[in-house]
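Visitor: Quick one: sequence and predicted model below, then my questions.
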Amino acid sequence: MAAKRGHPARSPTWRSLAIRYPPHLDRGSSSGTGEPTVIYDAGAGSSGISGLRSNPVRTAVAPITRICSYDRAGIGQSTEPADRPRVLDDVVDDLHALLAAADVAPPYLLMGESGGGFDVYHQAGRYPDEVAGIIMLDVPAGQVDIAPTEISAWDSPDNPEHMDYHAVEHQMAVERLPIPAVPVTVLTATEGQSADPAEQLIWLEGSSDGQQLIVPSGHDIVSENTDAVIGAITDMLAKIG
């Protein structure tokens with residue numbers, strides 16, 4: 001979102017990944033091969049690594065299956081992005097290359113929070129055969145013509161990822177790629193960024209088993225209602241198990 005929107009043989013693992021050019025595994029290791037791997041994509045301007053490092057979501061999910069978080073280019077432990085406006089294809093290219101370099105193979109359970117939901121939705125559209133399920137954490141629908149006052153310019157100090165948020169919002173509003181027929185769970189916060197929770201139903205289009213759950217929380221569900229996130233993950237794993 002725009003910068004202001006902020007089976008059998010599963011093994012316990014957590015991997016934190018950071019973008020380098022070329023991408024490589026920055027830190028963390030595992031000895032298991034649990035699948036599907038949960039990939040967490042944090043909100044715009046936020047560190048996925050820091051967000052899950054001591055979060056109960058990680059400690060609850062790790063004994064069930066592998067869970068990975070990462071920092072997008074320009075955030076946390078990752079290097080600076082290219083000095084130009086970036087769009088969703090750039091983010092997805094980075095993540096896809098990073099997962100390959102880190103030997104984190106599909107299938108993936110993609111989980112995106114806020115603007116990270118745009119990333120994982122586009123990832124699913126680009127690589128449909130690699131996706132087992134999608135979880136969207138309080139991700140408002142894209143805006144066709146978002147006001148300049150609502151976003152940071154790509155070269156603003158407030159936009160370390162150099163994202164062209166106008167292009168991103170427009171793409172997700174009217175030019176979304178179709179997702180594969182996989183289960184999708186939408187967690188919508190009672191005190192989140194959608195005035196009408198129904199706007200987030202858009203993320204269920206094309207899913208094989210879609211549900212929206214309204215949960216008590218502010219926008220940052222992964223921190224404010226960890227039980228809801230853990231429940232969404234474990235329920236999804238049971239569906240696709």
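Guide: Thanks, I have the structure now.

Visitor: For this protein, which segments are assigned as helices?
Guide: Along the chain, counting by DSSP state H, helices occupy 48-53, 56-61, 88-101, 115-126, 165-174, 221-224, 226-240.

Visitor: what about Pro56, how many neighbours?
Guide: Other residues within reach of Pro56 by the criterion other C-beta atoms under 10 Å amount to 14. From N, CA and C alone the C-beta is placed, and that goes for glycine too.

Visitor: Please tell me I have it right and it contacts Glu224.
Guide: No. Between Pro56 and Glu224 there is no contact under C-beta atoms under 8 Å: 11.6 Å.

Visitor: what number of residues lie near Ile134?
Guide: 27.

Visitor: ok, the nearest residue to it once chain neighbours are set aside to His219 distance?
Guide: Nearest residue to Ile134, sequence neighbours excluded (C-beta to C-beta, 6 or more residues apart in numbering): Val184, at 4.6 Å. Counting by C-beta to C-beta, to the nearest Å, the gap from Val184 to His219 is 20 Å.

Visitor: In terms of neighbours, single out the busier of the two.
Guide: Val184 (26 against 20).

Visitor: Correct me if wrong: the more buried one contacts Gly133.
Guide: Yes. Assessed by C-beta under 8 Å, Val184 is found in contact with Gly133 at 7.1 Å.

Visitor: For the residue nearest to Ile134, which residues are in contact?
Guide: Counting by C-beta atoms under 8 Å, 6 or more residues apart in numbering, Val184 touches Gly133, Ile134, Ile135, Met136, Trp203, Leu204, Ser207, Asp209, Gly210, Gln211.

Visitor: just checking, His96 touches Gln123?
Guide: Yes. If you go by C-beta under 8 Å, His96 and Gln123 touch, sitting 7.3 Å apart.

Visitor: more crowded one of those two?
Guide: Gln123 (27 against 15).

Visitor: how about the more buried one, what does it touch?
Guide: Counted by C-beta under 8 Å, 6+ apart, Gln123 has contacts Val92, Leu95, His96, Leu110, Val131.

Visitor: now those: which count as buried?
Guide: Neighbour counting by 16 or more other C-beta atoms under 10 Å classes Val92, Leu95, Leu110, Val131 among the contacts of Gln123 as buried.

Visitor: Let me know the closest of the residues you listed to Gly74.
Guide: Distances from Gly74 to the buried ones among the contacts of Gln123, taken as C-beta to C-beta, are shortest for Leu95 (13.6 Å).

Visitor: buried stuff in stretch 118-134?
Guide: 118-127, 130-134.

Visitor: so which of these would you say is closest to Ser78?
Guide: Asp119 (13.7 Å).

Visitor: In contact with the closest one, which residues are there?
Guide: So Asp119 contacts Asp41, Arg72, Leu88, Val91, Val92, Leu95, Gly112 (C-beta under 8 Å, 6+ apart).

Visitor: how far away is the fifth one from Val131?
Guide: Note on Val92: its distance to Val131, by C-beta to C-beta, is 12 Å.

Visitor: The third one too?
Guide: Separation of Leu88 from Val131 (C-beta to C-beta) stands at 15 Å.

Visitor: where exactly do the strands run in this structure?
Guide: Along the chain, counting by DSSP state E, strands occupy 14-18, 24-27, 37-41, 67-71, 108-113, 131-137, 183-191, 209-218.

Visitor: returning to that earlier point: how about the buried residues of stretch 118-134, which pair is most distant?
Guide: The farthest-apart pair in the buried residues of stretch 118-134, when distances are taken by C-beta to C-beta, is Phe118 and Ala132, at 19.4 Å.
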